[in-house]
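> Sequence and predicted structure, then a few things I'm wondering about:
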Amino acid sequence: MRGVSSFQITADLQEEVAREGARLFSEKGCADCHYADRTETRIGPGLKELFKRDKLPMSGRAVTEDNVRKQLKTPFRAMPSFAGLPEEEVKALLVFLKTL
């Protein structure tokens, strides 16, 4: 029984972090350039099912947490840099992007 309880806490925490990531996606202006609910380009590429793809839309790099983190910190092409974003916020954004 104890393992089930731990799993539930982990799932709840994951959901909470994803909600925080969704808030940051909106607050930091990501939603101004990227659709979260489709793959079509807005200004930047749509991010729906990003972590189910083989490659990142613009750079062609493999879709991994490290490469998405790299895209945020040292962007490919015209995307603004989010180099100053605290690691906790980057992690929340990654968790959110995985839910799309």
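Received the coordinates, thanks. Residues are numbered from 1 along each chain as shown.
> OK, contacts around residue 42?
33-35 (Cβ atoms under 8 Å, 6 or more residues apart in numbering). No exception for glycine: its C-beta is placed from N, CA and C like everyone else's.
> Keep only those of these that are in helices.
residue 33 (DSSP state H).
> if I've got this straight, residue 48 is in a strand?
No. Counting by DSSP: H, G, I helix; E, B strand; the rest coil, residue 48 is not part of a strand but coil.
> Now do the contacts for it.
Residue 48 neighbours (Cβ under 8 Å, 6+ apart): 35-39, 100.
> Repeat the analysis, applying 10 Å as the threshold.
Contacts for residue 48 (Cβ atoms under 10 Å, 6 or more residues apart in numbering) come out as 34-40, 97, 100.
> Tell me the confidence at it?
pLDDT, residue 48: 98.
> Residue 28 now?
96.
> Could you check how far it is from residue 14?
21 Å (Cβ to Cβ, to the nearest Å).
> next one: residue 47
On the measure of Cβ to Cβ, residue 47 and residue 14 end up 19 Å apart.
> For those two, indicate the residue with more neighbours.
Neighbours per residue, other Cβ atoms under 10 Å: of residue 47 and residue 14, the larger number sits with residue 47, 25 against 13.
> wait, that one sits on residue 36?
Yes. Shown here, residue 47 and residue 36 form a contact pair, counting by Cβ atoms under 10 Å, at 5.7 Å.
> residues near the spatially closest residue to residue 61 that is not a sequence neighbour, how many?
Once flanking residues are discounted, residue 61 sits nearest to residue 67: 4.4 Å by Cβ to Cβ, 6 or more residues apart in numbering. By other Cβ under 10 Å, the residues close to residue 67 number 15.
> Packing partners of whatever helix or strand residue 67 lives in?
For residue 67, the host element (DSSP states H and E) is helix 65-73. Helix 65-73 is packed against helix 87-99, with contacts defined by 3 or more Cβ pairs under 10 Å, 6 or more residues apart in numbering; DSSP states H and E.
> Going by neighbour count, list what's buried in the helix it packs on.
Using 16 or more other Cβ atoms under 10 Å as the test for burial, helix 87-99 gives 89-90, 92-98.
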